[in-house]
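**Student:** Prediction below, plus the sequence it came from.
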Amino acid sequence: MKRSLLILCCLTLLACVPTPETEYVVNKGDETLTQKLAASPLPVVTASVEMEGQMSESDTMKAAQTAAPRSAFPPRWDEETLLSSGRTLSVHTDLETKSDDVYPVYRTRTVEMDVQTGVEILSALLPPPISVEENTTTKRGWTEQFKQYLAEVEAQQAYIAGGRTETDHDDALWSDEEIDNRCQWYMEQIAAAPDANRREEVSDYTGLTMNSQNVYRLANGERVLTRLHGNGFSLVRGALAESVYLYPEFLYEQSQDPLRAEEFKDYPTWKPVTLAYKDAESVARETLDALGLSDFVPVEAEKANLCDQRNGILGTAFAAGWRFQCYRANGGYPLLPQTWEFDSIFQYGEGDEWAVNKRIEDEVVSLFIDESGVRRFTWSNRKTVVGTENENVALLPFDVVQMRVRNAFSAGIRTFPDTDAPPIEVYRMALVTKTLRIKDSDDCYEMPCWCVCYRMQTGEQREPGSAQSCIYINAVDGSVVHTVMGR
């Protein structure tokens, strides 16, 4: 009864609202890695007794004495090995390494985005504006959101009347107290919101402020949405709504499945991408160079649409082009994205050879490019190099790396009783940068690690945009680097 009265009161008030315009651990977590990087000794390799390919003390000393040179890395690795789990490890891949054979280790630190950087990006990518208005939610906007929430509450009432305890998506139903608090919060937002956003004439972008969302108008009438906060900066050209949704091609392809028609019924009509990849990539690299971000390289690319979005509802697609995810390549070898992570089938041991790295958000520059140029630009989780720990660190010899890979798959993959199961296929192996936390510090290392991409069955195909199954082997000490959210 109380809830019904509250909802009735809320609806009455709405009618009166005006409608204006892993910590990184090496072995036991001591400072071994830091000391190793500072002195650049030849790495000492250890192996747990339960690992395959166990090394004796003499083997360890031999490995340490033969850690260099890196030019001894073979061009390929081809191998079929029967693991103790009963599966076959099948490796047939070229090895991707740097041509200059130099592998530095940098110390980096996350830094906040600032106004000057935002102004410089806007000035480099866009002509001068003629006006700006705040892009904050007005009374009308909050009212629409509140109405949508109350409709969801009414839908929940129907669930309760039918004896349900959860929604169709297995979400728990809200309690009376949760609904009361949420209604009160919406009413507070409506009361505090402006009737309309402030607008003024400007001739440049120097009025940009931190923690702001603005809409700039250009002389050709185009709207440019901007957002600046400590964690990043973004701009979007040509959007009509106050927020934008990126609609990737792989979702569009899924929407064509008749069995998933209901799931995608509210998605907009897909606009074909006509811009050639090589032309879009050329614009991406020119843009990075123009912004002084030439040490970023495009690592991922996909076709996509940009769509207007209002209160979570998708509108018409207003641009069709390529989305590039660009990552910093300190020293010339790229830092692969954290989305390239472990599969759920991989278990994580507790031995000395395993390392746990608390999740670190990648620094990434994202570009959306169509025939008109850069439509969307975002730069998030900005980092700066605060020191060079080693200009050219000694790496493990490749035979030791091979042993580490075998050990990782033998101990990490869950055991299956079916020995005829398809092999574990390693289809890519690259020496890349991985960001690793430094114990008891806010700083990180960007250091060389072997990225080993694998699949669990012959011919398995990953959907574009999905996480890649891979493990990382620290190229300096041989530990398996594992990134876990919340650890």
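**Tutor:** Structure's in. What do you need? Quick caveat: nothing in here was measured; it's all calculated off a predicted structure.

**Student:** Show me where the protein dips below the pLDDT cut-off.
**Tutor:** 1-72, 135-136, 163-172, 330-360, 412-422, 457-468, 482-487 (pLDDT under 70).

**Student:** so what are the domain limits for it?
**Tutor:** Domains of the chain are assigned by automatic domain parsing as 2-21+137-192, 32-109+387-484, 115-136+197-333+357-386.

**Student:** Please tabulate these in TSV, including the columns mean neighbour count.
**Tutor:** Heads up, the C-betas are built off the backbone N, CA and C, glycines and all. Listed next are these as TSV, based on neighbours: other CB atoms under 10 Å:
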stretch	mean neighbour count
domain 2-21+137-192	13
domain 32-109+387-484	17
domain 115-136+197-333+357-386	17
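
**Student:** So residue 185 belongs to a helix, correct?
**Tutor:** Yes. Note on residue 185: a helix contains this position according to DSSP: H, G, I helix; E, B strand; the rest coil.

**Student:** so how far is residue 229 from it?
**Tutor:** Residue 185 sits 22 Å away from residue 229, taking CB to CB, to the nearest Å as the criterion.

**Student:** With residue 398 instead?
**Tutor:** 44 Å.

**Student:** same question, residue 305
**Tutor:** 26 Å.

**Student:** where does residue 93 fall, phi/psi-wise?
**Tutor:** Backbone torsions of residue 93, given as degrees, to the nearest 10, read phi -160, psi 150.

**Student:** What residues are bridge-paired with the residue lying closest to it once chain neighbours are set aside?
**Tutor:** Of all residues not flanking residue 93 in the chain, residue 429 sits nearest, at 5.1 Å (CB to CB, 6 or more residues apart in numbering). Per DSSP bridges, residues listed as beta-bridge partners of residue 429: residue 95, residue 452.

**Student:** Could you do residue 304 as well?
**Tutor:** Bridge pairing for residue 304 - DSSP bridges - gives residue 248, residue 321.

**Student:** residues touching it, list them.
**Tutor:** Residues near residue 304 by CB atoms under 8 Å, 6 or more residues apart in numbering: 246, 247, 248, 249, 273, 320, 321, 322, 323, 368.

**Student:** The fifth one contacts residue 322, correct?
**Tutor:** When you say that, I think you mean residue 273. Yes. Using CB atoms under 8 Å, residue 273 is in contact with residue 322, at 6.9 Å.

**Student:** any shared contact partners between the two?
**Tutor:** 303, 304, 370.

**Student:** Report the contact partners of the last one.
**Tutor:** The neighbourhood of residue 370, defined by CB under 8 Å, 6+ apart, consists of 273, 275, 280, 319, 320, 321, 322.

**Student:** make it 6 Å
**Tutor:** 275, 319, 321 (CB atoms under 6 Å, 6 or more residues apart in numbering).

**Student:** Now it. Its backbone dihedrals?
**Tutor:** The phi/psi pair for residue 370 (degrees, to the nearest 10) is phi -130, psi -170.

**Student:** any idea how far residue 280 is from it?
**Tutor:** For residue 370 relative to residue 280 (CB to CB), the value is 8 Å.

**Student:** Please apply the same query to the second one.
**Tutor:** With distances taken as CB to CB, residue 304 is found 11 Å from residue 280.

**Student:** so residue 78 is in which element?
**Tutor:** According to DSSP states H and E, residue 78 maps onto strand 76-82.

**Student:** how about the strands in the stretch 251-400 of the chain?
**Tutor:** Counting by DSSP state E, counting those that start in this stretch, the segments of the stretch 251-400 of the chain that form strands are 296-310, 313-328, 340-341, 354-358, 364-370, 373-380, 383-390.

**Student:** same thing with the stretch 101-250 of the chain?
**Tutor:** 105-110, 129-134, 199-201, 212-218, 223-229, 232-237, 243-248.

**Student:** just to revisit the earlier point, next, format the strands of the stretch 251-400 of the chain as TSV and append distance to residue 100.
**Tutor:** Converted to TSV, the strands of the stretch 251-400 of the chain look like this (distance: least, CB to CB, whole Å):
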stretch	distance to residue 100
strand 296-310	15
strand 313-328	17
strand 340-341	24
strand 354-358	27
strand 364-370	24
strand 373-380	27
strand 383-390	15
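
**Student:** What's the separation between the residue lying closest to residue 120 once chain neighbours are set aside and residue 122?
**Tutor:** Spatial nearest neighbour of residue 120, excluding adjacent residues (CB to CB, 6+ apart): residue 291 at 7.7 Å. Per CB to CB, residue 291 is found 11 Å from residue 122.

**Student:** Over to residue 201?
**Tutor:** 17 Å.

**Student:** hang on, the earlier thing: TSV for the strands of the stretch 101-250 of the chain, including distance to residue 443?
**Tutor:** Formatted as TSV, the strands of the stretch 101-250 of the chain follow (distance: least, CB to CB, whole Å):
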stretch	distance to residue 443
strand 105-110	5
strand 129-134	36
strand 199-201	42
strand 212-218	29
strand 223-229	22
strand 232-237	20
strand 243-248	32
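
**Student:** mind checking which of those strands is nearest residue 478?
**Tutor:** With CB to CB as the measure, strand 105-110 is the member of the strands of the stretch 101-250 of the chain nearest residue 478 (15.3 Å).

**Student:** orientation of the closest one relative to strand 383-390 in degrees?
**Tutor:** For strand 105-110 against strand 383-390, the angle by axes from the mean of the first three to the mean of the last three CA atoms, to 10 degrees is 160 degrees.

**Student:** who does strand 105-110 pair up with?
**Tutor:** Per DSSP bridges, strand 105-110 is paired in its sheet with strand 383-390 (antiparallel), strand 444-455 (antiparallel).

**Student:** so how far is the first one from its chain's centroid?
**Tutor:** Put simply, strand 383-390 sits 22 Å off its chain's centre (CA atoms, centre = their mean, to the nearest Å).

**Student:** okay, the angle between that strand and strand 313-328?
**Tutor:** Using the same axes, to 10 degrees: strand 383-390 against strand 313-328 is 30 degrees.
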